[in-house]
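> Kindly return the folded structure for what I paste below:
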Amino acid sequence: MRAAILAVILVALAAPAKGQIASKQTGAVGWGMHTCGEFANQYMKNIHTEQVYFAWTQGYITALNSMRLVQDKPILNLQPSSFGPEVQMDFIRGFCSEAPLKPYLNAVGALWEMIEGLNRMAPN
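Okay, the predicted model is just below:
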């Protein structure tokens, strides 16, 4: 486990500066501003890159979830039953393979919508 975490950290540190691009249109910065095609190309070169993207994803959706508290809404379970991290990464890969020209952020938005839907369907 430590080796996997170290590998992710090393990939993040060794990543090119372009990983930290920004978009004035979305008000977001970081890995999510790459296109899905760029994500796929980087993933094909080094599968550990997916962990870096997914760490960004988790931070982004955690921030969205935190905003729910500010809006007096209940927070969501970010890992609903049968939709844990591996399934979520598979979901993002699928989205990106279908829409390589869209920003990776769009894949994360679709993931967020899926998580919202699964939380609505979950028994209270």
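> Let me see the backbone angles for residue 77.
Per-residue torsions, residue 77: phi -80, psi 110 (degrees, to the nearest 10).
> what comes up buried for stretch 69-88?
Residues of stretch 69-88 classed as buried: 76, 78, 80, 83, 88 (neighbour count, 16 or more other Cβ atoms under 10 Å). Using the backbone N, CA and C atoms, a C-beta is placed for each residue, glycine as well.
> Ignore what I typed, I meant stretch 89-97.
By 16+ other Cβ under 10 Å, the buried positions in stretch 89-97 come out as 89, 91-93, 95-96.
> Follow the chain on from the helix or strand where residue 59 lies and name the next helix or strand.
Taking DSSP states H and E as the definition, residue 59 sits inside helix 49-70. Using DSSP H and E, the helix or strand that follows helix 49-70 in sequence is helix 85-98.
> per-residue pLDDT, the spatially most central residue of the chain?
In the chain, the residue lying closest to the centroid (Cα atoms, centre = their mean) is residue 57, at 2.4 Å. pLDDT recorded at residue 57 is 96.
> Leaving out the residues flanking it, which one is nearest to it?
Leaving aside its sequence neighbours, residue 57 sits nearest to residue 108 (Cβ to Cβ, 6 or more residues apart in numbering; 5.1 Å).
> burial of that neighbour, as a residue count?
24 (other Cβ atoms under 10 Å).
> where's it relative to residue 72, distance?
Separation of residue 108 from residue 72 (Cβ to Cβ, to the nearest Å) stands at 24 Å.
> cool, and residue 78?
From residue 78 to residue 72 the distance is 19 Å (Cβ to Cβ).
> Please apply the same query to residue 100.
Residue 100 sits 38 Å away from residue 72, taking Cβ to Cβ as the criterion.
> again with residue 45
To residue 72, residue 45 is 44 Å away according to Cβ to Cβ.
> same deal with residue 49?
For residue 49, the distance to residue 72 - Cβ to Cβ - is 38 Å.
> Same question for residue 56.
Noted for residue 56: a distance of 27 Å to residue 72, by Cβ to Cβ.
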